[in-house]
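Student: Pasting the sequence and the predicted coordinates here, then a few questions.
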Amino acid sequence: MIEPYTLGLFAQFILAISILPYSISIFRGTVKPNRISWFIWSIIGFAFWLITPETADEVTKMLTLIFMINPSIIFILTLFKGESQKVDTLEIFSLVGGLSAIVIWYFFKDDSGIVPISIAILADFCALFPTLRFVFASPEEEKPLAWIFFFTGSFIAIFAITDHSLESMLLPVYMTFGSFLIVFPLVKHRLKMKIAFREWII
């Protein structure tokens, strides 16, 4: 049986490299990430990193670091290569909802338990809305490989965490669920249309 520490290293590696195919796709113009989603995700990643308790295991600490760095890099790239359409009502709702949750989170960030993490996850879910709408409406315009990496890494991380408290488990479980919601329509479309796997990558 694989040790949790080894699983954790594997999960961290997969999550860390998930940014590579996505970044290449952005530069190639084959994907145009939603700036609102990635802006909020970058802030939420920073929030997750800030509220990670000192008592958390090393896997959880490294996950929060990756969840902060990767979205920040993607957001910076979207300033040059992202979606150029005007912000619509859903994006405004997501931005206001996400930022409001972050403000609320600030007042609870020093609390113990799951309250700070739950509020941060709520903000993160607001960021998820524009991207979910996009991938369900236009699955052919988003490459799935990076999201598959992210889903796989988050899923493996669940089994790598040695502290099975709700506080430690909530983040990787949520990230697994959220990334699955994105992966599902992308993979379903490509299987239905019998798109070659090489077209899934970048």
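Tutor: Good, I have the coordinates.
Student: Helix or strand with the lowest mean pLDDT in the protein?
Tutor: When the helices and strands of the chain are compared on mean pLDDT, DSSP states H and E, helix 35-51 comes out lowest with a mean of 82.
Student: Give the buried residues for that helix.
Tutor: Within helix 35-51, the residues scored as buried using 16 or more other Cβ atoms under 10 Å are 35-49, 51. The way it works is simple: take the backbone N, C-alpha and C, and place the C-beta from them, glycine included.
Student: Now it - C-alpha only, CSV.
Tutor: Output of helix 35-51 as CSV, limited to C-alpha atoms (Å, rounded to 0.1, in the frame of the first residue of the first chain):
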residue,chain,number,x,y,z
ARG,A,35,-10.5,36.8,-16.2
ILE,A,36,-13.2,37.1,-13.5
SER,A,37,-12.9,33.4,-12.5
TRP,A,38,-9.1,33.5,-12.4
PHE,A,39,-9.0,36.8,-10.6
ILE,A,40,-11.2,35.5,-7.8
TRP,A,41,-9.4,32.1,-7.8
SER,A,42,-6.1,33.9,-7.3
ILE,A,43,-7.5,35.9,-4.3
ILE,A,44,-9.1,32.8,-2.8
GLY,A,45,-5.9,30.8,-3.2
PHE,A,46,-4.2,33.5,-1.2
ALA,A,47,-7.0,33.3,1.4
PHE,A,48,-6.6,29.5,1.6
TRP,A,49,-2.9,29.9,2.1
LEU,A,50,-3.4,32.5,4.9
ILE,A,51,-5.9,30.5,6.9
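Student: So what touches it?
Tutor: 64-65, 67-72, 74-75, 78-79, 82-83, 87, 91, 94-95, 98-99, 102, 105, 109, 116-117, 120, 123-124, 126-131, 171 (Cβ atoms under 8 Å, 6 or more residues apart in numbering).
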